[in-house]
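In: Got a sequence here, can you build the structure:
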Amino acid sequence: MSNRSLMWVMVAWPAFLAACILELLVFAFVDPGDLHWLGSPDAISRQGVYTLAFFVFWLVTAAASSLAVILAFHLPRVNDTTMR
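Out: Purely as a prediction, here's the structure:
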């Protein structure tokens, strides 16, 4: 397995699991039907709110995981453009 593939596994899988846990925790306490945006009820269905929130959680946790992986590399390796 190449370093690039390994990095995607190290980033995407933990981010997916973290997004699942965040989704469970947030929507255990928040009802999507009660959400309001700028004072008016959302036009998005409950399932749409769940889906959008999950992808936002996944994106944020993937960014955090990516930053952790990048910071774990030594500086010369990060600057090496030939790393495949």
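
In: For the most centrally placed residue in the chain, pull up the helix or strand it's in.
Out: The C-alpha lying nearest the average C-alpha coordinate of the chain belongs to W58 (CA atoms, centre = their mean; 2.1 Å). W58 belongs to helix 46-72 when assigned by DSSP states H and E.

In: Give me the neighbour count for the nearest residue to the residue nearest to the centre of the chain once chain neighbours are set aside.
Out: Counting by CB to CB, 6 or more residues apart in numbering, W58 lies nearest to A19, which is 3.9 Å off, once chain neighbours are set aside. Glycine gets a C-beta too; all of them are placed from N, C-alpha and C. Here the number of neighbours of A19 (other CB atoms under 10 Å) works out to 20.

In: From A43, how far out is A19?
Out: Distance of A19 to A43, computed by CB to CB, to the nearest Å: 24 Å.

In: ditto for F55
Out: 18 Å.

In: more crowded one of the two?
Out: F55 (11 against 7).

In: which ones are touching that one?
Out: Applying CB atoms under 8 Å, 6 or more residues apart in numbering to F55 gives the contacts A19.

In: Distance from the helix holding W58 to the middle of the chain?
Out: 1 Å (CA atoms, centre = their mean, to the nearest Å).

In: Show me which residues of that helix are buried.
Out: 49, 53-54, 57-58, 61-62, 65-66 (16 or more other CB atoms under 10 Å).

In: Just send those residues back as JSON lines, with distance to V11 and pLDDT too.
Out: Below are the buried residues of helix 46-72 laid out as JSON lines (distance: CB to CB, whole Å; pLDDT from 0 to 100):
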{"residue": "V49", "distance to V11": "25", "pLDDT": "86"}
{"residue": "A53", "distance to V11": "20", "pLDDT": "90"}
{"residue": "F54", "distance to V11": "17", "pLDDT": "93"}
{"residue": "F57", "distance to V11": "14", "pLDDT": "94"}
{"residue": "W58", "distance to V11": "11", "pLDDT": "93"}
{"residue": "T61", "distance to V11": "9", "pLDDT": "92"}
{"residue": "A62", "distance to V11": "6", "pLDDT": "89"}
{"residue": "S65", "distance to V11": "4", "pLDDT": "84"}
{"residue": "S66", "distance to V11": "5", "pLDDT": "82"}
